[in-house]
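Asker: make a model of this:
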Amino acid sequence: MAEHQYDLVVIGSGPAGEKGAARAAYEGKKVAVVESSAELGGAVTSSGVPTKALRETALNISGFLNRGIYGVDLSYKDTLDVQTFLYRERHVQNAAQTAVAENLKKHHIRLYSGLASFDDPHTLRVSSSSGETTISGDIILISTGSRPVRPPAFPFDQPNVYDSSTILKISKLPKSLTVVGGGIVGCEYACLFGALGIQVSLIHSQEHLFPFIDHEISFRLLKSMQEMGLNLWMSDRVEKVEPDGDNHAIKTSLKSGAVIESEAVLVAVGRVSNTDLLRLENAGVQAGERGLLKVNEFLQTEVPHIYAAGDVIGFPALSSTSMEQGRLAVTHAFQLNYRTTPANQIPFGIWTIPEISLLGETEETLQARGMPYLVGRALYENNPRGLVLGEKYGMLKLIFTAGDLKLLGVHIIGQEACELIAPGMMALEMNATARDIIGLCFNFPSLADMYKYASYDALGEYREGVRMAN
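Answerer: Okay, the predicted model is just below:
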């Protein structure tokens, strides 16, 4: 017999777990959350949001944002100590974790500190330094998140070899850094350190950065990173990483034969779900490759009362989607008065420098389906607000149907891209056309005004096509 019985037990306090727990508690359900870490909020509060704070610190310390206006010297400052650099990050981290704790408390959610594992499909054993507690739930939500993959080829026992979690615990800013992995995390960190003037080498196994985004946007990011001074090793792989004792550095040997020496190495080659210690076999749930859990459209595992949400189920593994998955799982489980399907439009935000945000179809996805389309572009450098910002590679790109000019995709690179995506998301949700967008009145000067001119650009392409057809 379990000591404590709940309507819902949530394993993990990350975005999916926190929001799912709060949603159920708001509806009067008795809810418990089990968290194995001393820090609440999962990877979002421990590294996700704090990394964004580091990014802003790097941009402001280096003067990088003013590069197109004042010609600021971006050379690395030896006087910049790591405590100064990390101060804001740690403040933001503490604030984010406190916010999660206060939200759980506000909703009267019982928090258990310890490692959860299944005794049976409804019963969990929570183990901590103070002993063991047994709890049970009518519904279980697994939202244990993920952690960086640590391939055995990399000497993580060395003090200057990091993953995306441990890099936030650096004791000294390196003068050179090798980043292994050109995914979102790798590129974000490469840009962050590159903005400080640190010599960064990025190794990426593919031909394109972010092949899932519009290639024109990807190419603009590539050019910006190169101009920033990053050394990009595309379509290459790491063969060996070893300490170079003579130079107190790390030597990274590539498949191409190149050898890179740097003071530090950051390995960002993917993540693995935190399911290995849950004893899932006792619940009748199976984990797949890299610990991922398979769920149906309602976020149910093969055991109907056990749900999973967030990074633990894989792509897209965004904080925003994880929050919604947590809410939707609980909504289905308790048949609550809330929508039961995901939002139609889910934007991506990539916090490189410059940042990227995207939504909907790309040119590549439409070409693969043989679907005709029109493109409208507006450059930051042709927009008064963008001109003030000095954003050289900034662009808003809109994709429309070739017939009725209905909006299909929004792609942005440049400052405030992750904010600027919002009008595009609403336009997509409302099936807006280029003519609808042209009819709107935006603030002037503003970056949002680019929506009007990108739509004008597409309309011009449309009218030119009509003339050619006639």
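Asker: so where do the strands sit in the stretch 51-200 of the chain?
Answerer: 110-113, 115-120, 123-128, 131-142, 146-148, 161-163, 176-180, 199-203 (DSSP state E, counting those that start in this stretch).
Asker: kindly reformat those strands as TSV containing mean pLDDT.
Answerer: As requested, those are exported to TSV (pLDDT from 0 to 100):
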stretch	mean pLDDT
strand 110-113	95
strand 115-120	96
strand 123-128	95
strand 131-142	96
strand 146-148	92
strand 161-163	94
strand 176-180	97
strand 199-203	97
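Asker: do you know which of the ones you listed lies nearest Ile412?
Answerer: Closest approach to Ile412 among the strands of the stretch 51-200 of the chain is made by strand 199-203 (22.1 Å; CB to CB). Heads up, the C-betas are built off the backbone N, CA and C, glycines and all.
Asker: roughly how far out does that closest one sit from the chain middle?
Answerer: 20 Å (CA atoms, centre = their mean, to the nearest Å).
Asker: hmm, who's touching that strand?
Answerer: 175-182, 186-187, 190, 193-194, 225, 229-233, 236-238, 252, 254, 260, 262 (CB atoms under 8 Å, 6 or more residues apart in numbering).
Asker: are any of these buried, and which?
Answerer: Buried by 16 or more other CB atoms under 10 Å: 176-182, 186-187, 190, 193-194, 225, 230-233, 236, 238, 252, 254, 260, 262, out of these.
Asker: hmm, back to that, quick one: which of the contacts of strand 199-203 sit in helices?
Answerer: Gly186, Cys187, Ala190, Phe193, Gly194, Met225 (DSSP state H).
Asker: give the contact list for the last one.
Answerer: The contact partners of Met225, taken as CB under 8 Å, 6+ apart, are Cys187, Ala190, Cys191, Gly194, Leu202, Leu232, Thr352.
Asker: now the fourth one
Answerer: With CB under 8 Å, 6+ apart as the criterion, the residues that contact Phe193 are Ala58, Pro174, Leu177, Val200.
Asker: can you tell me how far it sits from Pro445?
Answerer: Using CB to CB, to the nearest Å, we find Phe193 at a distance of 32 Å from Pro445.
Asker: now do Gly424
Answerer: As judged by CB to CB, Gly424 and Pro445 stand 19 Å apart.
Asker: same check, this time on Gln199
Answerer: From Gln199 to Pro445 the distance is 36 Å (CB to CB).
Asker: just Ile184 next, same as before
Answerer: As judged by CB to CB, Ile184 and Pro445 stand 31 Å apart.
Asker: could you identify which of the strands of the stretch 51-200 of the chain is most buried?
Answerer: Comparing the strands of the stretch 51-200 of the chain by mean neighbour count (mean count of other CB atoms under 10 Å), strand 176-180 comes out on top with a mean of 26.
Asker: ok, and the closest non-adjacent residue to Gly41?
Answerer: Spatial nearest neighbour of Gly41, chain neighbours left out: Val100 (4.3 Å); criterion: CB to CB, 6 or more residues apart in numbering.
Asker: ditto for Leu292
Answerer: Leaving aside its sequence neighbours, Leu292 sits nearest to Gly314 (CB to CB, 6+ apart; 4.8 Å).
Asker: mean pLDDT per helix and strand in this structure: which one sits at the bottom?
Answerer: Least confident helix or strand, the chain: helix 67-70 with a mean of 52, by mean pLDDT, DSSP states H and E.
Asker: ok, back up a step: name the residue in Gly424 and Pro445 with the higher neighbour count.
Answerer: Gly424 (27 against 13; other CB atoms under 10 Å).
Asker: ok, for the one residue sitting closest to the centre of the chain, nearest residue in space, not its chain neighbours?
Answerer: Among the residues of the chain, the one closest to the centroid is Leu318, at 5.2 Å (CA atoms, centre = their mean). What sits nearest to Leu318 in space, not counting adjacent residues and going by CB to CB, 6+ apart, is Phe348, at 7.0 Å.
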